[in-house]
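**Student:** Okay, predicted coordinates and the sequence, questions at the end:
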Amino acid sequence: MTRTLTDLPAELEQGLRAGRIVPYLGQHVLSLVPDYAVPGSPEALVALLTAKVSVPHKIRGRLTQAAQFIENFKHRKTLVDQMNTAFAAAPHYSAMHSWLASLGVPLIVDTWYDEAMAAALQAAGVKWGEVQGLSQSEHFGTWTGWYDSDGNPLPDRTPDWQTVLYKPIGSSNPAGNYLVSDSDYVEVLTEIDIQTPIPAEIQALRTGRHFLFIGCRFNDQLTRTFARQIMKRSSDTHWALLSEEPTRMEAKFLAEQNITRIDMSLAEFAARMAPLSEAA
C-alpha cells in the first residue's frame, strides 16, 4: 500500500541541502514556467510533430510511434529538426528551479528535453556540467554524451563540478540529442536492466541517496522503467510530489519502490521552497 503524506517531511529540506536527496524532475515542472514556450507534455509535443508531417490517424496521439513514423518515412534528420524547432525558445526557469540550482546538490535528474534546469544552474553560478542520453541511430555504441556548462563536449565529468545534470532522454541543447522514437527506446530498454545506458558516474552518485520526484507521473511503462532503473541501488526511502490521485499502476509502482506520495501541488511546493532560496 502506498504511504501518503499531506505535508513535507521535516527531513526533506535538510536532506536536499546536505546532498542526500536527488531531485528527479518530470515534464510537469514546466507548468511553473508559463513564459517558456516549449511543449510541456508528450501530448503537446506529438501535436507539434504531426502538425508538420502527416502520420496515420491511429498513431497521431502517440509520441514514440509518431516519431518513429517520421524517422522511417522522412529521415532521422527531419525528426531531429522538428524536435529542435519545438524546443528552440530561449529558456526560462521558475523560482523552484533557482532554488534547486542554489543547493549545489551532487546530482539532478531531468527527464524532459527542455533547458529550464540547465539555465537555472548557469544563472546560479555553480560549477556544473551535464550528461545526456544518446540515440543509437546517431551514435551507435555510445550511450551518453558529456558537456560542460558552456556546451562543449567532454569525455566525461570533470572533478570540479559541484552538480551533474543528468538528462537520460536527451536535451535540445547543445547538440539536439533525443530519445524519442520507438527504436530509440527499444535500444535503451534492451540494455537498461543491466545498466549499460546509465553512466558509471551516475550510478556512483545515486548510491545510498534518496530521490524526490517533482513533476513526474508514472502512468506509463517508459517513465516507470526509467525511474526504476535510475534509482536502482540507491537508498530504500524516496518521495514523490503527486497531488492527483495515482492510477492503479502508479500506486503499485510507488509501493513497489517504497516511494512515499506527498499530496501537494507543484505550485504549493514551489511557494514553500522559493522563500527558502531567497532567505539563503
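**Tutor:** Right, received. Where do you want to start? Owing to the predicted nature of the structure, the values given are computational and were not obtained by experimental measurement.
**Student:** residues in contact with the closest residue to residue 208 other than its chain neighbours?
**Tutor:** The shortest distance from residue 208 to any residue that is not its chain neighbour, by CB to CB, 6 or more residues apart in numbering, is 5.7 Å, and that residue is residue 235. From N, CA and C alone the C-beta is placed, and that goes for glycine too. Counting by CB atoms under 8 Å, 6 or more residues apart in numbering, residue 235 touches 208, 209, 210.
**Student:** quick one: buried residues of the host helix or strand of residue 44?
**Tutor:** Under the criterion of DSSP states H and E, residue 44 resides in helix 42-52. By neighbour count, with 16 or more other CB atoms under 10 Å as the criterion, the buried positions of helix 42-52 are 42, 45, 46, 47, 49, 50.
**Student:** which element follows it toward the C-terminus?
**Tutor:** Downstream of helix 42-52, the next assigned helix or strand under DSSP H and E is helix 63-74.
**Student:** Show me what that next one is packed against.
**Tutor:** Contact here means 3 or more CB pairs under 8 Å, 6 or more residues apart in numbering; DSSP states H and E; on that basis helix 63-74 packs against helix 42-52, helix 76-86, helix 182-192.
**Student:** Generate a markdown table for those helices, with distance to residue 61 as supplementary columns.
**Tutor:** Converted to a markdown table, the helices and strands packed on helix 63-74 look like this (distance: least, CB to CB, whole Å):
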| stretch | distance to residue 61 |
| --- | --- |
| helix 42-52 | 6 |
| helix 76-86 | 16 |
| helix 182-192 | 15 |
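**Student:** how about a markdown table for these, with mean pLDDT and distance to residue 268 added?
**Tutor:** What follows is those, written out as a markdown table (pLDDT from 0 to 100; distance: least, CB to CB, whole Å):
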| stretch | mean pLDDT | distance to residue 268 |
| --- | --- | --- |
| helix 42-52 | 95 | 23 |
| helix 76-86 | 96 | 29 |
| helix 182-192 | 94 | 33 |
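**Student:** Could you point out which of these sits nearest residue 68?
**Tutor:** Nearest to residue 68 among these is helix 182-192 (4.1 Å), distances taken as CB to CB.
**Student:** relative to helix 76-86, how tilted is that closest one?
**Tutor:** Direction vectors for helix 182-192 and helix 76-86, defined by axes from the mean of the first three to the mean of the last three CA atoms, to 10 degrees, enclose an angle of 90 degrees.
**Student:** gap between helix 182-192 and the chain center?
**Tutor:** A distance of 17 Å separates the centroid of the chain from that of helix 182-192, by CA atoms, centre = their mean, to the nearest Å.
**Student:** Show residues contacting that helix.
**Tutor:** For helix 182-192, with CB under 8 Å, 6+ apart as the criterion, the contacting residues are 64-65, 67-68, 71, 133, 135-137, 143, 178-179, 197-198, 222, 225-226, 229.
**Student:** which among those end up buried?
**Tutor:** A residue is treated as buried here by neighbour count (16+ other CB under 10 Å); on that basis the buried members of these are 64-65, 67-68, 71, 133, 135-136, 143, 178-179, 197-198, 222, 225-226, 229.
**Student:** So which of those are in strands?
**Tutor:** 133, 178 (DSSP state E).
**Student:** any idea of the pLDDT on the spatially most central residue of the chain?
**Tutor:** For the chain, the residue whose C-alpha lies nearest the mean C-alpha position (CA atoms, centre = their mean) is residue 111; its distance is 1.5 Å. What the model reports as pLDDT for residue 111 is 98.
**Student:** Can you tell me the closest non-neighbouring residue to it?
**Tutor:** On the basis of CB to CB, 6+ apart, the spatially nearest residue to residue 111 that is not a chain neighbour turns out to be residue 26, at 5.6 Å.
**Student:** That neighbour - how many residues pack around it?
**Tutor:** Using other CB atoms under 10 Å, the number of residues around residue 26 comes to 22.
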